[in-house]
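# Dropping a prediction and its sequence here:
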Amino acid sequence: MAGRIEDYALIGDMQTAALVCRDGTVDWLCLPRFDSHAIFAGLLGTEEHGFWRLGPAHAADAEPPTAARRRYRGDSLILESEWDTPRGTVRVTDFMPPRDGAPQLIRIVEGVTGRVPMRSALRMRFSYGRVVPWVHKHEGRTVAVAGPDSVWFDTACETYGKALTTYADFTVAPGDRIAFTISWEPSHKQPPPLPEPEQSLEATADFWRDWVEQCTYHGPYREAVVRSLITLKALTYAPTGGIVAAPTTSLPEEIGGVRNWDYRYTWLRDAAITLSSLLRTGYREEARAWREWLLRAVAGDPENLQIMYGIAGERELGEAELDWLPGYENSGPVRVGNGAAHQLQLDVYGEVTEALHLAHMTGLSRNDYASLLQLKLIRYLEDHWDQPDEGIWEVRGPRRHFVHSKVMAWVAVDRTIKLIESGDADGPLEKWRELRDDIHRDVCEKGYDKERNTFTQSYGSRELDASLLLIPQMGFLPPDDKRVIGTIEAIQRELSTSDGFILRYPTEGSHAGVDGLPGDEGAFLACSFWMADDLAMIGRVDEARKLFEKLLALRNDLGLLAEEWDPRLQRQVGNFPQAFSHVPLIDTALRLTASGAYGG
């Protein structure tokens, strides 16, 4: 069985990523891209679906020992895990060097004390665990081939095959360093060059050191902010600038439930808010690359804007179920692709426009097509803002007039008006000022419950929705407006869990709720950070700080967060690590630092 979600560490090369468990098992890796088929899919099944375990040897009928300590080496994605055994202490260093050729996962075993027997067990299964490759020797190297893929396994250790698994048994003493590397290459090409693990380790450390030095945040939450920034960088697909929501698929929002989705794509919403956090902490190059990705993805067709694209801008992300995988802790189905790609979600127009606005305000070099795109998006909204949609949470039930969607349509128009007023674009200013006023009036009349003094999830509904917490953050209404304060307090009463975290919206257990799905879910971490932001904005800064620090305590030992927190099971749930959790962590840290609302 796979480990708990928070038991995993992330390593990656800005083109794909692997998850490494506390016991030294790589249970998830897609090659050569985030959205490629997995060669290790044990995370969503069993060991039969692929894994690579490297750690102290143990009896066949015993559980693999877990590392006594693990950490990232400084501010990097280089993972160091240490085991204390009766025979001594051993360290394993795992990393993926930023790519200059074939993608590689490198693991270096180092003896610390004593003499420790070790074992590497490598079981490659292509196509998400379905295909057993042909494993053979080629000029002294081990290679696994199936269809278009080949994976090359290199080590100085003697290896042997048993039960369709490649093993290496060896012993390390103090000062010993033994490297293991897998490299991917299209099967019709020549073998990849022999790896140089030590040189790659040094280059990887240099890369992350240089990148982190660009960070402009030096406040009291720097450790958490920097780790979140590194995670966001790891979720960026370097060749195009696209940003994946998470490197995994189908990690459940409810253990045993059906809310399992593929997040290995670029949501415009997630990428836009990621861009804003990177810009506010000094990372302009990532912002420029994402803007170029956006312009390529949308191309000349902004009227058919999708809510998500592939990491190179692909439009077709057809959803399918992998029935041979039982799912994480039997949470099926396992899905690849995402059928929500063609939903209508009007809020993305606001998020994209807000990101372009922030890029403009922070001095990113002007791009005339970006301004033209922004104008085209508003012309689309002129005729469509008053339509029902699927909303920010991608409901699979009927479309509704979601309040958050209307608010973000207002944001799109407001930021475009500001662009025109700055003199950097031309447009029908008075007409769009009237449009901005019309949207604002419509929301305040139809999306607000006067009796309860709160905005509601959709027009005419009584349900609440945590996305309403963004109303003051987007400038739709000032924080001291009684309707804003009423909404914050209503969400605290009705959407708060027993430990003070925030649900997205009400769910209906075994019955299909507003989102068209049965089952429940955990507290949504982004919404909980939004609550901390709002509390700070309305002057309840001590309460905001306490909530923020409770949220920080939910991170795993390496500073990583999934999408949600299950208050009943007291564990992380959902895809991992999740950009939509780490972005608001950064934003809240910046807000609390600016307000002086921090401990110590």
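Structure's in. What do you need?

# can you tell me the helix or strand for Cys527?
helix 525-537 (DSSP states H and E).

# Could you identify the helix or strand that succeeds that helix?
Using DSSP H and E, the first helix or strand after helix 525-537 is helix 541-552.

# Show me which residues of stretch 458-476 are buried.
When burial is assessed from 16 or more other Cβ atoms under 10 Å, stretch 458-476 yields the following buried residues: 458-459, 461, 464-472, 474, 476. C-beta: built from backbone N, CA, C; applies to glycine.

# Dump these into a markdown table; add distance to Ile417 and secondary structure as well.
Converted to a markdown table, those look like this (distance: Cβ to Cβ, whole Å; DSSP: H, G, I helix; E, B strand; the rest coil):
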| residue | distance to Ile417 | secondary structure |
| --- | --- | --- |
| Ser458 | 26 | strand |
| Tyr459 | 24 | coil |
| Ser461 | 30 | coil |
| Leu464 | 30 | coil |
| Asp465 | 26 | coil |
| Ala466 | 28 | helix |
| Ser467 | 23 | helix |
| Leu468 | 23 | helix |
| Leu469 | 24 | helix |
| Leu470 | 19 | helix |
| Ile471 | 19 | helix |
| Pro472 | 19 | helix |
| Met474 | 14 | coil |
| Phe476 | 14 | coil |
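
# Return the closest of those residues with respect to Trp565.
Ala466 (13.5 Å; Cβ to Cβ).

# quick one on the thing from earlier: who does the helix holding Cys527 touch, helix- and strand-wise?
Judged by 3 or more Cβ pairs under 8 Å, 6 or more residues apart in numbering; DSSP states H and E, the packing partners of helix 525-537 are helix 470-473, helix 482-494, helix 541-552, strand 564-566, helix 579-595.

# Highest mean neighbour count out of these?
Of all the helices and strands packed on helix 525-537, strand 564-566 has the most neighbours on average by mean count of other Cβ atoms under 10 Å, namely a mean of 25.

# which helices and strands sit right next to that strand?
strand 523-524, helix 525-537, strand 571-573.

# TSV for the buried residues of stretch 458-476, including pLDDT and distance to Asp368?
TSV is the format used below for the buried residues of stretch 458-476 (pLDDT from 0 to 100; distance: Cβ to Cβ, whole Å):
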residue	pLDDT	distance to Asp368
Ser458	96	37
Tyr459	97	38
Ser461	93	42
Leu464	95	42
Asp465	96	37
Ala466	96	37
Ser467	97	33
Leu468	98	36
Leu469	98	35
Leu470	97	30
Ile471	98	32
Pro472	98	33
Met474	96	26
Phe476	98	29
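
# Among those, which one lies nearest to Arg591?
Pro472 (11.6 Å).

# ok, the closest residue to the closest one other than its chain neighbours - how many residues close by?
Once flanking residues are discounted, Pro472 sits nearest to Pro479: 4.4 Å by Cβ to Cβ, 6 or more residues apart in numbering. Pro479 sits with 18 neighbouring residues when counted by other Cβ atoms under 10 Å.

# what about Pro479, helix or strand, and which?
Using DSSP H and E, no helix or strand contains Pro479.

# Please determine how far it is located from Val541.
12 Å (Cβ to Cβ, to the nearest Å).

# The residue nearest to Pro472 contacts Met537, doesn't it?
Yes - in this structure Pro479 lies within contact range of Met537 using Cβ atoms under 8 Å: 4.0 Å.

# Find residues that contact each of those two.
Pro472 (Cβ atoms under 8 Å, 6 or more residues apart in numbering).

# In contact with Gly583: list those residues for me.
I think there's a mix-up here, since residue 583 is Val and not Gly. By Cβ under 8 Å, 6+ apart, the neighbours of Val583 are Ser228, Leu232, Asp270, Ile273, Thr274, Ser276, Ser277, Ala526.
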